[in-house]
Each structure stands twice: as C-alpha cells, then as structure tokens.
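A.B. asks: sequence first, then the predicted structure:
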Amino acid sequence: MTRASHASPAPGAAAARVVEIYTDGACRGNPGPGGWAALLKRGERFRELHGAEALTTNNRMELTAVIRALEALRRPVHARVYTDSEYVRRGITEWLAAWKARGWRTAERTPVKNQDLWQRLDELAQAHTLEWHWVPGHAGVPGNERVDQLANEAIDRLQRAELR
C-alpha cells in the first residue's frame, strides 16, 4: 500500500467504499501506437476509461492507465489497484521513494524514464489509500482481460482514424 488508512469505518461500510481498479496498457511496437484502459468498480457500479496515442511505449501506456483511473476519482477512496505491469507495481511500491531521494535518478544515476508520469502518479496517489496488486496478464482474470481488450480496441480505433 502507498498509504495506510487511519479511519475505522463502520462494519460493512468499508467494503462499500472500496474501489477496485484494473488497468492495462498496450503498444504495437515499442515505441509505436499505444492504448491504455482502466476499469473502476465499486459494488455493482463500474466505469470504463480508455484512450490511445500515436507514438508511445508500453510502460507509458501502463502508467497512463493508472493515472487516468485516479484522476477519475472524485474524492479520496480506498482502492485496490490491479495491474499486470511489474514496472508500475514495483515502481510505486519499491522504487519511487529512492528515485525522489536521488533527485529522480536511478540507482545507476541515470534519469528515471517517464519521470513526468511517475510524478503525476505520485501526486495522485497521495490523496488515496491504495493497495497495489500484480495480476498475471492473459490469464483469465476478468477485470484484466477487459482492460486489455479496451486498450487494444483504442489502438484499433486510432489506427483506423489515421487511415482516413
């Protein structure tokens, strides 16, 4: 988790306020055209978000998916974020603090790639209590399968629009 919760909600209330977020990024070529998608679910309600960029990388799309999901939240929440990207999960839970302490440099003293997106994700994450979970991609996890489909459909739409 990136933040601990300090409030103790009434029994049953916590589950109703937990938002499940599935995110995925896709890229055809790396760099190449890319898509991102997020699925936000609370109880029986859900919202799907997706988009695409003409020239990007898979890691940028993975980060963008999480950023767009967190930007869609209207108030602080407790969320379980599911991603098939170890880059995203390990970046936010293991590497981010050290990158910041080193002035956005890696352990090898090179600039952190995608610093702009990491900084935005860090900013957004501060408002919420987030649990980060890795899920295997293409392994039948319904939320992950859905966001993979949406990210790829976003690329398809982008490529069709470019042909017109």
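C.D. replies: All right, it came through fine. Residues are numbered from 1 along each chain as shown.
A.B. asks: hey, let's count contacts and neighbours off CA atoms from now on
C.D. replies: Will do.
A.B. asks: contacts for the lengthiest helix in the chain, please.
C.D. replies: Taking DSSP state H as the criterion, the chain has its longest helix at helix 142-163. By CA atoms under 8 Å, 6 or more residues apart in numbering, the residues outside helix 142-163 that reach it are 22-27, 33-39, 50-54, 82-84, 135, 137-139.
A.B. asks: and those, which of them are buried?
C.D. replies: Neighbour-count burial (16 or more other CA atoms under 10 Å) applied to the contacts of helix 142-163 gives 22-27, 33-39, 50-53, 82-84, 135.
A.B. asks: out of those, which sit inside strands?
C.D. replies: Judged by DSSP state E, the buried ones among the contacts of helix 142-163 include 22-27, 33-39, 50-53, 82-83 as members of strands.
A.B. asks: follow-up on the earlier one: quick check: buried residues in the longest helix of the chain?
C.D. replies: 143-156, 158-159.
A.B. asks: ok, stretch 115-125 next?
C.D. replies: 117, 118, 121, 124, 125.
A.B. asks: just the C-alphas of that stretch, formatted as CSV.
C.D. replies: Extracted in CSV, the C-alpha atoms of stretch 115-125 (Å, rounded to 0.1, in the frame of the first residue of the first chain):
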residue,chain,number,x,y,z
GLN,A,115,9.6,10.9,-14.8
ASP,A,116,6.6,13.2,-15.8
LEU,A,117,4.2,10.3,-15.4
TRP,A,118,5.8,9.0,-12.2
GLN,A,119,5.5,12.5,-10.7
ARG,A,120,1.8,12.7,-11.7
LEU,A,121,1.1,9.3,-10.3
ASP,A,122,2.9,10.1,-7.1
GLU,A,123,0.8,13.3,-6.7
LEU,A,124,-2.5,11.5,-7.3
ALA,A,125,-1.7,8.5,-5.1
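A.B. asks: from here on, call the first residue 40.
C.D. replies: Understood, numbering begins at 40; the last thing we discussed is stretch 154-164.
A.B. asks: tell me the mean pLDDT for it?
C.D. replies: Averaging pLDDT along stretch 154-164 gives 98.
A.B. asks: name the residue closest to the centre of this protein, please.
C.D. replies: residue 105 (2.0 Å; CA atoms, centre = their mean).
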